[in-house]
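Engineer: need coordinates for the below:
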Amino acid sequence: MPQYHFSLEELRQKPLGQQSIELVERKGKGHPDSICDAVAEAVSLALCREYESAFGRILHYNADKALLVAGQTEPWPGGGKVQVPMRIVLGDRATAESQGKRIDVAGIAEASAKSWLAANLRFVQPERHLVIQNELQSGSPELTGIFEQNVIAANDTSAAVGYAPLTETEQLVLAAERWLNSADFQQRFSAAGEDVKVMGVRLDRELTLTVAVAFVDRFIPDAATYFRYKEEMRLALAEYLNRRLHDLDRVSVHLNMLDDPSRGAAGMYLTVLGTSAEGADGGEVGRGNRANGLIPFNRPISTEAAAGKNPISHVGKIYSLLTHHIAGQVVSRVPGVAEIYIWLCSQIGRSIDSPLIAAARLSLRQGVQLNDVQRGVQEIIEQELSGIHHFTKRLARGEMSVW
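Structural biologist: Now for the predicted structure:
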């Protein structure tokens, strides 16, 4: 059995949901940073499928360097125009040839990026509104050689942390963005674009959400219509979330706070394509949501960008998701654990199922002692690490969201 150092310690603090202040953010799928994460992961999964088909296994690649350069548009009530398309730069390394066979890395990357955009941003037409600049190059021999070994070794020395359970605030922030980007909401409010950002600030038992939603200008004939739709959206979201409260008393919603009716078209959050990436904001992989879909300011977080990384050997990706998975398993299977944080740190060259250290820090329910839960926590960590290759296969099939 692989050997690693294990550490378990009790946290002498209240779980986050019981503390007085909490801040958490979520960037929706139309946000420029989320677009980069999603496109990089789409390229990654497409390469996995092609490697499996052509070579019977996944080869060396990392496609996690994506940059979105904003285009230029002229939004206007009733419908504006796109003047300069967006540009997405795809970079890093990908094996194009092995065993005398070649695959079209550039073609795969471009097709998968355009496919994701067409499927998820309903006003973006990739052939018209996007330029893809492919900078994926061949990998280094040393890292490529990792994939020739019988035991997959970590390609980096990297640390990650995950936690469970989500607080009510975290759950509501996720629910808010997902509902705003749902088919039901967009059918009800056709003017809502996919560029959504939600910032939640909880003070004791009251949660305040500051929300940005890009409006699509073709559905807004004038300012009066915009501000009427905006208030209807705000009330609908507040009602949706307040029906889902458990321990909190109230959720208040503030929408598009930069708006100013006195400034005409310049005082409304209008877009042509439903995303600020069309003309205002650029994006980059790793600047948005963490691997569990949130930006939690009260939590320790992993700094690795999971999207686009190789799911077989890149521990920055594997451990970023596995730590959250392990934490969730502990909370659901070990009675008495109120909240847990899991850390894993790899060492380059070591087997990915044998991290340098595995550590757990947890808060216990009243009357529970550390000895009561130690064996259960350690067994789950050992089980998940021993089954890590099954876990990486799930990542390669795209069964888990990374942003």
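Engineer: now Pro311: phi and psi?
Structural biologist: phi -80, psi 0 (degrees, to the nearest 10).
Engineer: all numbers from here: first residue = 228
Structural biologist: Okay, using 228 as the starting number, the last item reads as Pro538.
Engineer: is it true that it touches Met627?
Structural biologist: No. Taking contacts as C-beta atoms under 8 Å, Pro538 lies outside contact range of Met627: 9.3 Å. From N, CA and C alone the C-beta is placed, and that goes for glycine too.
Engineer: what residues of whichever strand or helix holds Val251 count as buried?
Structural biologist: Per DSSP states H and E: Val251 is located in strand 248-254. Neighbour-count burial for strand 248-254, counted by 16 or more other C-beta atoms under 10 Å, picks out 249, 251-254.
Engineer: make CSV from the residues you listed and add pLDDT and distance to Ala269 to it.
Structural biologist: Formatted as CSV, the buried residues of strand 248-254 follow (pLDDT from 0 to 100; distance: C-beta to C-beta, whole Å):
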residue, pLDDT, distance to Ala269
Glu249, 98, 32
Val251, 98, 26
Glu252, 98, 23
Arg253, 98, 20
Lys254, 98, 17
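Engineer: from those, which is closest to Ala534?
Structural biologist: The nearest member of the buried residues of strand 248-254 to Ala534, counting by C-beta to C-beta, is Lys254 at 12.3 Å.
Engineer: what is the nearest of the buried residues of strand 248-254 to Val296?
Structural biologist: Once C-beta to C-beta is applied, the member of those that ends up nearest Val296 is Lys254, at 17.9 Å.
Engineer: my read is that that closest one contacts Ile522, right?
Structural biologist: Yes. Using C-beta under 8 Å, Lys254 is in contact with Ile522, at 7.4 Å.
Engineer: which neighbours do those two share?
Structural biologist: Counting by C-beta atoms under 8 Å, 6 or more residues apart in numbering, the common neighbours of Lys254 and Ile522 are 515-516.
Engineer: report the mean confidence score over stretch 258-267.
Structural biologist: Mean pLDDT, stretch 258-267: 98.
Engineer: with stretch 549-568 instead?
Structural biologist: Averaging pLDDT along stretch 549-568 gives 98.
Engineer: which residue is the nearest non-sequential neighbour of Asn469?
Structural biologist: Distance criterion C-beta to C-beta, 6 or more residues apart in numbering; nearest residue to Asn469, sequence neighbours excluded, is Val478 at 5.4 Å.
Engineer: pull up the pairing partners for the host helix or strand of the one you found, direction included.
Structural biologist: Using DSSP H and E, Val478 falls within strand 477-482. Strand 477-482 has the following sheet partners, assigned by DSSP bridges: strand 433-443 (parallel).
Engineer: tell me the angle the partner strand makes with strand 248-254.
Structural biologist: When axes from the mean of the first three to the mean of the last three C-alpha atoms, to 10 degrees is applied, the directions of strand 433-443 and strand 248-254 differ by 20 degrees.
Engineer: list the buried residues for strand 433-443?
Structural biologist: Quick answer for strand 433-443 (16+ other C-beta under 10 Å): 434, 436-443.
Engineer: and what about Leu235, helix, strand or coil?
Structural biologist: Three-state call for Leu235 (DSSP: H, G, I helix; E, B strand; the rest coil): strand.
Engineer: wait, what's in contact with it?
Structural biologist: Here Leu235 is in contact with 586-589, 597, 601, 604-605 (C-beta under 8 Å, 6+ apart).
Engineer: which residue packs closest to Tyr288, ignoring adjacent ones?
Structural biologist: Nearest residue to Tyr288 in three dimensions, chain neighbours excluded: Ala321, at 3.8 Å (C-beta to C-beta, 6+ apart).
Engineer: run through the residues that contact the one you found.
Structural biologist: Ala321 neighbours (C-beta under 8 Å, 6+ apart): 274, 287-290, 332, 336, 363-366.
Engineer: hang on, the earlier thing: what is the nearest of the contacts of Leu235 to Tyr278?
Structural biologist: Closest to Tyr278, out of all of the contacts of Leu235 and judged by C-beta to C-beta, is Ala586, at 33.5 Å.
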